[in-house]
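Asker: have a look; sequence and predicted model below, questions after that.
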Amino acid sequence: MIFPRRLRFRCSYCRTVFARSLSVVRLGPGNRRCRKCGREFADGSIEWPAATGDQKKEYLFPEVFWPYLVIGLAAEATLGLGELPNCHDVFLVAVCGDAIIVVPAIAYWIRCVREIKMSDDRYQRRILADAGYTDHATRSLPK
Ligand SMILES: [Zn+2]
């Protein structure tokens, strides 16, 4: 089973791909400088604390996930049923099928957790900077 294709996000000036993601929701400060053309543009990213419930849901469970899970589970069930006369193999097919379906999803969620933490840190730093704390001061604040 092939994991869903990731969406490509491009520089609005030179069309260089700057990010690939399963979800239409990406975490970031909202703008970036293109590595190729050097221009700054709004990249459509948002920070986790500022995201709505629906955006958070889409980020953690992207729409492209559901067909993958449904088709994967259906394929696994079909394979499992094909092995029905031999109960030993049904169990083996179920375990292997689950691993094939679940492992890429778990890898995705591990990456999500890391990016949410980075987004949260960035968001907090920006709030402190907006409140007048300098970069040096915010770095020394207790976590
Ligand atoms: Zn560019």
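Answerer: The structure has been received and is ready for your questions.
Asker: for the chain, what lies in contact range of the ion?
Answerer: C11, Y13, C14, T16, C34, K36, C37 (CB under 5 Å from the ion). From N, CA and C alone the C-beta is placed, and that goes for glycine too.
Asker: could you flag which of those residues are buried?
Answerer: C11, C34 (16 or more other CB atoms under 10 Å).
Asker: the residues of the chain next to the ion into CSV, with extra columns for pLDDT?
Answerer: Shown next, in CSV, are the residues of the chain next to the ion (pLDDT from 0 to 100):
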residue, pLDDT
C11, 95
Y13, 96
C14, 96
T16, 95
C34, 96
K36, 96
C37, 97
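Asker: wait, G30 sits on S45?
Answerer: Yes - counting by CB atoms under 8 Å, G30 touches S45, with 5.6 Å between them.
Asker: give me the more crowded residue out of the two.
Answerer: The neighbour count for G30 versus S45, taken as other CB atoms under 10 Å, is higher for S45 (17 against 11).
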